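Visitor: pasting a predicted model and its sequence here:
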Amino acid sequence: MPTLEAILEELEQLAEIEAIDPDAPITTIDVDSLDLLEWVCALEDDHGLSIDEERLAELAQVEGTTFRAIYEQIVQAQAAA
């Protein structure tokens, strides 16, 4: 399982943004939905992760959800698999 910092670096490169604060609400970060989808697909392909995209989309809509919270959900899902 890649670290939170490693997967955020991948998103920063993909979205061409400087830095993502893992504890900032996702809604405050300038990343569009297509970049997020491409990032999720890359995580699945490059790291062999299985990510419930519907659940991820639900989490992203919740006020105050952070990338750290999403990462923790991914880690828990991988542990349960």
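Guide: Structure received. Numbers count the residues shown, from 1 in each chain.
Visitor: for the rest of this, base every contact and every neighbour count on C-alpha atoms.
Guide: Noted.
Visitor: pLDDT weak spots in the chain?
Guide: For the chain, applying pLDDT under 70 flags no range at all.
Visitor: how about the helices in it?
Guide: With DSSP state H as the definition, the chain shows helices at residue ranges 4-15, 33-47, 53-61, 67-80.
Visitor: which stretch among the ones you listed comes nearest Asp23?
Guide: When these are ranked by proximity to Asp23, the top entry is helix 67-80, at 6.0 Å, counting by CA to CA.
Visitor: who's in contact with the closest one?
Guide: Contacting residues not belonging to helix 67-80 are listed as Met1, Leu4, Pro22, Asp23, Ala24, Pro25, Ile26, Leu49, Ser50, Ile51, Leu56, Leu59 [CA atoms under 8 Å, 6 or more residues apart in numbering].
Visitor: distance from it to the middle of the chain?
Guide: Centroid separation for helix 67-80 versus its chain: 9 Å, with CA atoms, centre = their mean, to the nearest Å.
Visitor: so which of the contacts of helix 67-80 wins on neighbours?
Guide: Ile26 (23 neighbours; other CA atoms under 10 Å).
Visitor: tell me who's in contact with the closest residue in space to it that isn't next to it in sequence.
Guide: Distance criterion CA to CA, 6 or more residues apart in numbering; nearest residue to Ile26, sequence neighbours excluded, is Thr66 at 5.3 Å. For Thr66, the contact set (CA under 8 Å, 6+ apart) comprises Pro22, Asp23, Ala24, Pro25, Ile26.
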